[in-house]
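K.L.:
Have a look at this prediction, sequence included:
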Amino acid sequence: MKGNQIVLTFFTLLIAVLPLSAQNVTQWVLEQSTLSYHMSHPMHEVDGVSHAAKGKGTCQSGHCDFLVAAPVKTFDSGDTNRDLHMIEATRGAEFPMVIVHTRFQEAETTSPMIYADLEVQFAGQTAQYKHVPFQRVSQGNQVQISGTVPATCSDFKIERPSFLTVPIKNEIPVRVEMTWRPM
């Protein structure tokens, strides 16, 4: 083969392979979500819930990258005054979104458990959580994911709100329940 034929053969093979590699990309969209934070105080327990998260994900080349975001103001604890105070304490006017980036191994998309590394942006701060377990259940073309992010007020430099001069506990775990589907 002459030089030009080798180059032409190489580009022909490259063009033939490109569509195959493009087919190995799986894109996901978040269909429904429930995010629930839990706040604990000696006098009472509170849960705030949002169903407003949006998200997308891409799996390729052995790993998956997902992005999920929810407006801070959509968390409802059943007490408007408490919710407004939560927005104030978390600087929700200045930082209106909770944003989560996650990465995990693509092989886990068929396992009953996914161990994800999370980067959470909240209240103007970023916290990293490594190897967070999420249960994965398939139903038809949908995949349900559930787990708990072990967040704390100190992770985001949030001054803990007080009731009767006693601050809430530092731990504010966030329960995640999401339904995803491939695009």
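P.N.:
Happy to help now that I have it.
K.L.:
where does this structure have low pLDDT?
P.N.:
Applying pLDDT under 70 to the chain flags residues 1-23.
K.L.:
90 instead?
P.N.:
Scanning the chain for pLDDT under 90 picks out 1-24, 41-44, 109-110, 160-165, 168.
K.L.:
Spell out the residue ranges of the helices in it.
P.N.:
Under the criterion DSSP state H, the chain carries helices at the ranges 3-23, 80-89.
K.L.:
can you pull the buried residues of the last one?
P.N.:
Just to be clear, that refers to helix 80-89. Residues of helix 80-89 classed as buried by neighbour count (16 or more other C-beta atoms under 10 Å): 82-83, 86-87. For glycine as for every other residue, the C-beta is placed from the backbone atoms N, C-alpha and C.
K.L.:
quick one: residue 53 and residue 69 touch, right?
P.N.:
Yes: using C-beta atoms under 8 Å, residue 53 is in contact with residue 69, at 6.6 Å.
K.L.:
So between the two, which is more surrounded?
P.N.:
Shown here are residue 53 and residue 69; by other C-beta atoms under 10 Å, residue 53 has more neighbours (20 against 17).
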